[in-house]
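[1] got a sequence here, can you model it:
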Amino acid sequence: MEVNIEKMSSIPLNENKITKNEKSFNSKKCLIYPISILVICFFIIGIGYTHIKEDLGNRGHYQIQNIESYRKELRICETGLDDKCLTCNDETNECSACNPLFELVDGKCIPNYSFKSVYHTENANEKIDLIYKSFLNYIIEMSIDNEISSIQSYYEFPTPGAHTVYFKLDESKLTSIGSMFSYVKKMTSIYFNPKFDGSNLIDMQAMFYECNSLTSVDLTNFNTQNVQSMANMFYNCYSLNKINISNFDTRKVKNMFRMFFGCTSLESIDLSSFETRKLNEMSKMFYGSGITNIDISNFDTENVRSFLDLFNGCRNLTTIKISKIRTYNINNMDYMFKDCSSLIKLDLSSFDTSSLTSMHEMFSGCSKLTSINLSSFKTDKVTKLVNTFKDCSKLITLDISNFDTSRVSMMEGMLSGCENLFYLDISGFDTSKVYTMKNMFYNCSILTSLDISKFNTSKVSTMEGMFHGCSSLKNIDLSKFNTPFLNSISNMFRGCSSLTSINLSSFSVENHLYYREYVFYDCPKLVYIDITPFTPIMTYDKLFNENIGANGVIKINKTILNKIEKYVPNGWKIEVIEG
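    Okay, here's the model as predicted:
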């Protein structure tokens with residue numbers, strides 16, 4: 001029925017003259033308005049209820065988007081939805097369903113796994129290693145991205161990004177976790193359950209070997225009470241910047257060989273709890289790591305025999321606390337501090353080196369080192385001093401006058417590149433067993449004097465480059481040098497721009513001095529040379545260059561006059577003696 005309100009309002013109402021039809025119409029009008037309003041209200045309430053119901057349902061489901069924003073809004077599930085809790089109880093605000101490797105206890109997800117590891121993939125359908133395959137027999141259960149998975153050592157992830165994998169192991173049968181993650185290059189972090197039972201473990205060798213993407217490792221509560229080897233444990237984990245091993249029990253550990261080798265991003269390690277009474281191998285332990293300071297003063301090294309490459313390549317290392325360690329059984333310190341280019345001072349005065357046999361490149365490349373205290377060093381058993389102080393370019397003084405070199409056979413490059421060294425006392429060196437002095441003082445450019453008058457050179461075969469670049473050296477006494485086995489003097493005095501005279505009259509060269517090129521090159525103040533022992537069998541075309549003193553004198557044996565005459569510098573006088 002259509003009702004025209006405007007027409008109705010124009011009809012004059014006469015209360016005294018209401019017809020029967022008019023009464024009926026008015027009654028109907030009174031019923032229409034309330035009913036319409038009620039229908040509209042119920043309709044609105046129904047729509048609202050439907051939306052609220054759907055919304056609340058979605059909020060409790062673990063696949064919803066923006067979980068954190070919903071949780072903050074309605075405070076549903078205090079623990080939050082994550083890789084532990086998958087669904088929440090709306091009424092109790094507690095977790096109602098957990099990841100398969102968690103146990104639901106009183107609304108909370110309690111870990112029921114051995115460890116959790118996170119991996120990162122860059123591409124879709126990327127297949128990566130999860131664990132070393134030899135450990136498959138120890139895995140009871142595993143879940144990948146919150147779903148139970150078959151036991152497998154690798155997995156193809158359909159989508160790129162971070163992926164969480166939980167492993168539950170039969171810990172009672174596990175005696176070794178050596179190489180467990182060896183070459184697992186996509187793992188970024190790992191966390192072990194505090195309840196992980198490692199009481200049967202004896203081997204952790206190469207556990208994270210070449211885990212190049214690993215950035216953090218938490219082994220805070222790891223039980224290592226029976227572990228004997230930690231060799232190569234974090235070898236070449238060059239992304240590792242955070243590690244917690246402060247509670248390690250190392251009382252039975254014998255081997256820490258290359259433990260932190262190549263951990264270039266690792267700036268600090270807390271080893272204060274380490275007890276090393278049984279340790280016998282720690283060579284290359286910190287080789288190439290990024291540590292800036294290290295304290296191993298608490299280490300018991302009584303059973304250790306070698307410090308080979310111990311801090312080699314630790315370019316960021318500025319402080320070492322090492323003074324209290326026992327060194328009396330150490331026989332090898334080769335490359336121990338090589339390329340520790342940030343070290344400024346080093347006090348080794350507490351070292352007992354009574355068993356030491358080799359110091360090959362021990363401080364080589366310590367380019368900022370200004371002082372070294374070696375006052376307690378006993379070197380009577382040392383046979384190698386090769387490149388020992390090579391490129392210690394900031395060293396000003398060096399006291400090694402106490403060195404006993406009676407057994408040393410090699411001094412090659414010993415002080416090479418010590419370009420700021422202005423004083424050195426090696427007058428007491430016993431060189432009777434030395435056979436190579438090659439580059440021994442190479443580029444010691446500030447050294448003005450050097451007393452080597454008592455050197456015994458009877459076994460030396462090469463003096464190549466021995467004084468090369470000693471541009472401040474004004475005189476040198478070689479009058480007692482006896483050289484029956486010498487075969488090379490190439491570059492021996494090259495660049496000695498302050499030398500005025502060189503006397504090699506004591507040299508015994510006979511017919512075996514094969515290498516003699518550039519011997520007097522770039523000696524602009526040199527005006528006197530005595531090479532009377534030199535023989536006709538030699539060639540002399542590369543003995544001098546034009547950068548030599550003017551109007552000098554060269555003393556030779558008559559037998560070589562015809563061979564050397566045309567190569568003698570212009571203006572020089574030749575003094576000949578009978579052969």
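[2] okay, now the unreliable bits of the protein?
    Scanning the chain for pLDDT under 70 picks out the ranges 1-83, 511, 579.
[3] let me see the contact set for residue 97.
    62, 85, 86, 87, 104 (C-beta atoms under 8 Å, 6 or more residues apart in numbering). All C-beta atoms are positioned from the backbone trio N, CA, C, and that covers glycine.
[4] switch to 7 Å and redo it
    86, 87 (C-beta atoms under 7 Å, 6 or more residues apart in numbering).
[5] check the one 4 residues further on too.
    With C-beta under 7 Å, 6+ apart as the criterion, the residues that contact residue 101 are 112, 113, 141, 143, 166, 168.
[6] isn't the first one right next to residue 102, touching?
    Yes: taking contact to mean C-beta atoms under 7 Å, the distance of 5.7 Å between residue 112 and residue 102 places them in contact.
[7] neighbour-wise, which of those two wins?
    Between residue 112 and residue 102, counted using other C-beta atoms under 10 Å, the more crowded position is residue 102 (21 against 18).
[8] identify all contacting residues around stretch 160-174.
    For stretch 160-174, contacts defined as C-beta under 7 Å, 6+ apart pick out 83, 99, 101, 112-124, 126, 130, 138-145, 157, 196-197, 200-201.
[9] now it, how far from the chain's geometric center?
    With C-alpha atoms, centre = their mean, to the nearest Å as the basis, stretch 160-174 stands 27 Å off its chain's centre.
[10] export that stretch to CSV, keeping only CA atoms.
    Only the C-alpha atoms of stretch 160-174 are listed here, as CSV (Å, rounded to 0.1, in the frame of the first residue of the first chain):
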residue,chain,number,x,y,z
PRO,A,160,63.6,-17.8,-0.2
GLY,A,161,64.3,-16.3,3.2
ALA,A,162,64.9,-17.5,6.8
HIS,A,163,63.9,-21.1,7.7
THR,A,164,63.9,-22.7,11.1
VAL,A,165,64.6,-26.3,11.6
TYR,A,166,64.3,-28.2,14.9
PHE,A,167,66.2,-31.4,15.6
LYS,A,168,65.5,-34.0,18.2
LEU,A,169,68.4,-36.4,18.7
ASP,A,170,69.0,-39.6,20.6
GLU,A,171,71.4,-37.9,22.9
SER,A,172,72.2,-41.0,25.0
LYS,A,173,74.0,-42.6,22.0
LEU,A,174,75.8,-39.5,20.9
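[11] coming back round to it: who wins on neighbours among the contacts of residue 101?
    residue 166 (26 neighbours).
[12] check whether it sits in a helix, strand or coil.
    Under DSSP: H, G, I helix; E, B strand; the rest coil, residue 166 falls in the strand class.
[13] partners of it in the sheet?
    Per DSSP bridges, the residues bridged to residue 166 are residue 116, residue 143.
[14] can you give me the distance of it to residue 548?
    78 Å (C-beta to C-beta, to the nearest Å).
[15] same question for residue 258.
    52 Å.
[16] in terms of neighbours, single out the busier of those two.
    Neighbour count, other C-beta under 10 Å: between residue 258 and residue 548, residue 258 has more, with 26 against 20.
[17] my read is that the more buried one contacts residue 287, right?
    Yes: under the criterion of C-beta under 7 Å, residue 258 makes contact with residue 287 at 6.4 Å.
[18] skipping adjacent residues, who's closest to residue 540 in space?
    Take residue 540 and drop its neighbours on the chain: the residue closest to it by C-beta to C-beta, 6 or more residues apart in numbering is residue 564, 4.3 Å away.
[19] what is the burial count for the one you found?
    Per other C-beta under 10 Å, the neighbour tally for residue 564 reads 21.
[20] equivalent analysis for the one 3 residues further on, please.
    For residue 567, the neighbour count with other C-beta under 10 Å is 12.
[21] so it touches residue 541, yeah?
    Yes: counting by C-beta under 7 Å, residue 567 does reach residue 541; the two are 5.7 Å apart.
[22] what segments of the stretch 401-550 of the chain are helices?
    Under the criterion DSSP state H, counting those that start in this stretch, the stretch 401-550 of the chain carries no helices.
[23] quick one on the thing from earlier: want to throw the contacts of residue 101 into TSV with distance to residue 457?
    Shown next, in TSV, are those (distance: C-beta to C-beta, whole Å):
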residue	distance to residue 457
112	75
113	70
141	73
143	73
166	70
168	71
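[24] and the strands in the stretch 151-300 of the chain?
    Using DSSP state E, counting those that start in this stretch, the strands of the stretch 151-300 of the chain run over 154-157, 161-169, 187-192, 216-218, 242-244, 293-295.
[25] only the buried residues of the first one, if you could.
    The one in question is strand 154-157. 155, 157 (16 or more other C-beta atoms under 10 Å).
[26] which other helices and strands contact it?
    When contacts are defined as 3 or more C-beta pairs under 7 Å, 6 or more residues apart in numbering; DSSP states H and E, strand 154-157 packs onto strand 126-129.
[27] tell me how far the strand it packs on lies from the chain's centre.
    26 Å.
[28] walk me through the domains of the protein.
    61-111, 113-326, 328-434 (automatic domain parsing).
[29] can these go into JSON lines with extra columns for distance to residue 529?
    JSON lines is the format used below for these (distance: least, C-beta to C-beta, whole Å):
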{"stretch": "domain 61-111", "distance to residue 529": "81"}
{"stretch": "domain 113-326", "distance to residue 529": "42"}
{"stretch": "domain 328-434", "distance to residue 529": "24"}
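[30] re earlier: tell me if the residue nearest to residue 540 really is in a strand.
    No: assessed with three-state DSSP, residue 564 is helix; it does not lie in a strand.
[31] any idea how far residue 527 is from it?
    For residue 564, the distance to residue 527 equals 17 Å [C-beta to C-beta].
[32] and for residue 339?
    Per C-beta to C-beta, residue 339 is found 41 Å from residue 527.
[33] of those two, who's got more company?
    Using other C-beta under 10 Å, the more surrounded residue of residue 339 and residue 527 is residue 339, with 21 against 17.
[34] roughly how far does the more buried one sit from residue 327?
    With distances taken as C-beta to C-beta, residue 339 is found 21 Å from residue 327.
[35] likewise residue 480?
    Residue 480 is 36 Å from residue 327, by C-beta to C-beta.
[36] more crowded one of those two?
    Higher neighbour count among residue 480 and residue 327: residue 327, with 20 against 12, using other C-beta under 10 Å.
[37] for the residue nearest to that one when sequence neighbours are not counted, what are its contacts?
    Excluding its sequence neighbours, the residue lying closest to residue 327 (C-beta to C-beta, 6+ apart) is residue 351, at 4.8 Å. Residues in contact with residue 351 (C-beta under 7 Å, 6+ apart) are 327, 376, 377.
[38] likewise for residue 483?
    Residue 483 neighbours (C-beta under 7 Å, 6+ apart): 457, 460, 507, 508, 509.
[39] from memory the first one sits against residue 482, does it?
    Yes: taking C-beta under 7 Å as the contact criterion, residue 457 and residue 482 are neighbours in contact, 6.0 Å apart.
[40] quick one: which of those two has more around it?
    Using other C-beta under 10 Å, the more surrounded residue of residue 457 and residue 482 is residue 457, with 24 against 15.
[41] for the more buried one, give its distance to residue 444.
    Separation of residue 457 from residue 444 (C-beta to C-beta) stands at 19 Å.
[42] could you give the number of residues near residue 300?
    Residues near residue 300, counting by other C-beta under 10 Å: 15.
[43] is it true that it touches residue 280?
    No: in this structure, residue 300 is not within contact of residue 280 by C-beta under 7 Å, at 10.9 Å.
[44] pull out the buried residues from stretch 166-184.
    166-169, 171, 174, 176-182, 184.
[45] end to end on it, go ahead and measure it.
    Counting by C-alpha to C-alpha, to the nearest Å, you get 15 Å between the two ends of stretch 166-184.
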